[in-house]
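Asks: I would like to see how this sequence folds:
(one chain, ligands or ions: 1)
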Amino acid sequence: MSRDVASRVPQQIAEAACSLVATPIVGQGAGGGLQLSPSDKATWLQGEGGVKKTQRRLTLEEKAKVLEAIKIGVERGYGYGRIWKTLKASGMDVSKRTVEYWYYKKYRGKVGRRGEYLPRELRIRLYEEALKMRKAGLGYKRIRKRIEELHGVKLSPAVIADWCSGAHSPYNGARIPTIDHLKPSPELAYVIGVVAGDGWAVKTNARSGEYRVGARAKDIEFIEEFARCLGKVLGREPPRPVPVEDGLLLVYVRSRALYQLLQKPIDIDRIRRFIEHCEDCKRSFLRGFYDSEGSVDNEGKIRCLNTDTRLLRYVQKLLKLLGIETTGPKISARKGTLLFDKKLGEAYKKRKNVYYIYVKARDKLKFYKLVGFTIRRKQQRLEEYVRCHGLLEDEPPNQLFPNSLFHSIRSH
Ligand SMILES: [Zn+2]
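Replies: You can find the predicted model right below:
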């Protein structure tokens, strides 16, 4: 696909699409304050009986009781967590989120906005330390004092109590809060490859700290594989692909860690340790990159386009390690070239030079065997080529990668 069409539109479209679709994760923003998406709110208000506890509709009587409890709690200076616990202790079956919702909705003005959150990294450090001190037998007040002495941060005893009792944790909503929590795996390498190619990593809202990482494409098997890998990397369910305009599918996750790792221009030194971890990781990265940016033409030429020559050179180096030689990078289209976008029906100028690399003819079979494509139409075209040229004889088609590159990898 044309790099420039892609690089010109994806941000706005992705953002527009993101704002239209149901937000897949609720309350994953800093600290897990209440962030109901419109659709969640709708479901919540309609109360779609019984599938999830959090969506159960309260009876009027129950609602009155909850509001009364919140009112009393607020007067006593309780947080919503404590109010919820009290309600629960009195036998009331209500979700914490419901209490949180009404707490802020009704009393936001009176209790004031929540204070600024500490950066997640710091909260995690303090959390770990508080737990250690607690284990060593310190009381909440002494923990608070020690932390204030050590870090100059005043934590409320309620926060420390919540942490120690396991009711809250700064890891909530972000099992992988920072780059340091990412572990090398073929799935992560695949994600890096896709995002380094045609995907994106953006900060959608600097103040609330929302970070999104995703990609768009028309091939469902590719988008599903990308989603599966994102889920695996972040230790959660795979995000659901969403159809957007022009028959494209969009998938994204919110993740600061992945944003930090993958914001563009890609920092090769940052991604290196995840890619060069082992042979599998290298191959996964390359497959992700070629799924995203590569193509096979009618003559069986395996081409890959990108504006970032450093990245292309790195890809070449990795291919070489697998014994696959390439040519280039050569310039494909110069900055300022006037082109015509068929989809939009208008002319536009290239903003950056576009470069390409080719896999040398004699190494196509190696590429087919060691890297290949998840995208069926690309893989098929490549397979036809290697078959027609007598390169692939006795071997069954694509034995190495039945559906997913990773099925063959047992442990990592
Ligand atoms: Zn590895």
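
Asks: from here on, contacts and neighbour counts on C-alpha atoms
Replies: Will do.

Asks: ok, the residue most central in space within the chain to the ion distance?
Replies: With distances taken as CA atoms, centre = their mean, V253 lies nearest the centre of the chain, 3.4 Å away. To the ion, V253 is 22 Å away according to CA to the ion, to the nearest Å.

Asks: Doesn't that residue belong to a strand?
Replies: Yes: the assignment for V253 (DSSP: H, G, I helix; E, B strand; the rest coil) places it in a strand.

Asks: does it really touch P241, like I thought?
Replies: No: counting by CA atoms under 8 Å, V253 does not reach P241; the two are 10.4 Å apart.

Asks: circling back: list the residues that contact the residue nearest to the centre of the chain.
Replies: 212-214, 230, 239 (CA atoms under 8 Å, 6 or more residues apart in numbering).

Asks: Among these, which are located in strands?
Replies: Among those, the ones falling in strands (DSSP state E) are 212-214.

Asks: With neighbour count and pLDDT as extra columns, can I get the contacts of V253 in TSV?
Replies: Below are those laid out as TSV (neighbours: other CA atoms under 10 Å; pLDDT from 0 to 100):
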residue	neighbour count	pLDDT
R212	23	89
V213	24	94
G214	26	95
L230	27	95
P239	21	91
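
Asks: okay if I get these as JSON lines plus distance to the ion?
Replies: Output for the contacts of V253, formatted as JSON lines (distance: CA to the ion, whole Å):
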{"residue": "R212", "distance to the ion": "24"}
{"residue": "V213", "distance to the ion": "22"}
{"residue": "G214", "distance to the ion": "22"}
{"residue": "L230", "distance to the ion": "16"}
{"residue": "P239", "distance to the ion": "23"}
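
Asks: quick one on the thing from earlier: model confidence for the residue nearest to the centre of the chain, exactly?
Replies: With respect to pLDDT, V253 has a value of 90.

Asks: Please apply the same query to Y355.
Replies: pLDDT, Y355: 92.

Asks: That one: neighbour count?
Replies: Neighbour count for Y355, taken as other CA atoms under 10 Å: 20.

Asks: same thing with K320?
Replies: 12.

Asks: and what of L67?
Replies: 16.

Asks: for the one 5 residues further on, same thing?
Replies: Residues contacting I72 under the criterion other CA under 10 Å number 13.

Asks: That one: what secondary structure?
Replies: helix.

Asks: Against the ion, how distant is it?
Replies: 55 Å.

Asks: Give me the contact list for stretch 380-393.
Replies: By CA under 8 Å, 6+ apart, stretch 380-393 touches 296-300, 364-365, 368, 397.

Asks: Of these - the most surrounded one?
Replies: Across these, neighbour numbers were computed from other CA under 10 Å; K364 holds the maximum, 25 neighbours.

Asks: If you count contacts, what does the helix or strand containing that residue end up packed against?
Replies: Take DSSP states H and E as the rule and K364 turns out to sit in helix 364-370. When contacts are defined as 3 or more CA pairs under 8 Å, 6 or more residues apart in numbering; DSSP states H and E, helix 364-370 packs onto helix 376-388.

Asks: Run the chain-centre distance for the helix it packs on.
Replies: 31 Å (CA atoms, centre = their mean, to the nearest Å).

Asks: now do stretch 379-395
Replies: Distance, centroid of stretch 379-395 to centroid of chain: 35 Å (CA atoms, centre = their mean).

Asks: buried residues in that stretch?
Replies: Buried residues in stretch 379-395, counted by 16 or more other CA atoms under 10 Å: 379-383, 385-386, 392.
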